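S.K.: Sequence below, structure please.
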Amino acid sequence: MKFSGRARNALLSRGEKRKATKKSALDRGLEALRNQLGLGPNAGAETPEDNSHRGHAPLEVGDTDDHARTIFYAPDLDGQADPGEIVWFLAPVDAAAKQHSERAMLVVGRTRRRGVLGLLISPNSTHSHDGNWMEIGSGQWDSLGRPCWIRLDRVLEVPDHALRRAGALFPRARFERVASALRSRFDWN
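M.R.: Numbering: from 1, shown residues only. From the prediction side, this is the model:
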């Protein structure tokens, strides 16, 4: 027989209630993994604790000219995101529904707060006529091989711990085209 939460709590002693409501960090982590793998009773559901591990809360967006800095190509596949590498992160799609989508960005710098600065990459062809977007062609950042665009007028700041994957290289010649646009339009060095 199943009881509602309130009825179950009424049947438990005080010590049993504490044990039932207090889970160890390991138990919470295992439960989150089971849910993400579709093995738990709440498969697919995310709790606020899950969100901190998944990395979609700390994303900041700013004007590119407010983040002007020296830009240089320096990828190093050492596990830390460097300028010239592509990284993926979870970005909000619908705040009301708490839905998120994995998005790619080109790393163009680092922050003092242990994060990266990046430019959003999109395969949406409607950007082809928008002056704030630059065509970059296809590459490892899009598994379907579609032509893509990169947004120049907005910079994303994402903490290292919120990055989902790192390691794809952006071609140097294309990076120099992006860097040149940032230098001429937004006073980057």
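
S.K.: And the strands in the chain?
M.R.: 60-63, 85-94, 99-110, 115-122, 133-137, 148-151, 154-159, 163-169 (DSSP state E).

S.K.: give the contact list for N132.
M.R.: With contact taken as CB atoms under 8 Å, 6 or more residues apart in numbering, N132 is in contact with 151-154. Quick note: C-beta positions are derived from backbone N, CA and C, even for glycine.

S.K.: mind running it again at 7 Å?
M.R.: 151-153 (CB atoms under 7 Å, 6 or more residues apart in numbering).

S.K.: May I ask which of those residues has the most neighbours?
M.R.: With neighbours defined as other CB atoms under 10 Å, the most crowded of the contacts of N132 is R151; it has 21 neighbours.

S.K.: so it touches W133, yeah?
M.R.: Yes. R151 is in contact with W133 according to CB atoms under 7 Å; the separation is 5.5 Å.

S.K.: So for S184, which of the strands of the chain sits nearest?
M.R.: strand 133-137 (11.8 Å; CB to CB).

S.K.: So for that closest one, what gets flagged as buried?
M.R.: 133-134, 136 (16 or more other CB atoms under 10 Å).

S.K.: Any chance of CSV for these, columns distance to D142?
M.R.: As requested, the buried residues of strand 133-137 are exported to CSV (distance: CB to CB, whole Å):
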residue, distance to D142
W133, 15
M134, 15
I136, 10
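
S.K.: Among the residues you listed, find me the one that's closest to P83.
M.R.: Nearest member of those to P83, counting by CB to CB, is I136, at 15.1 Å.

S.K.: P123 is in contact with I150, isn't it?
M.R.: No. Counting by CB under 7 Å, P123 does not reach I150; the two are 11.0 Å apart.

S.K.: Mind checking which of these two has more residues around it?
M.R.: The residue with more neighbours, out of P123 and I150, is I150; 25 against 15, by other CB under 10 Å.

S.K.: Hmm, that one is touching L106, no?
M.R.: Yes. Using CB under 7 Å, I150 is in contact with L106, at 6.1 Å.

S.K.: Quick check: neighbours shared by these two?
M.R.: 119, 121, 178.

S.K.: From W133, how far off is the last one?
M.R.: When distances are taken as CB to CB, to the nearest Å, V178 and W133 turn out to be 11 Å apart.
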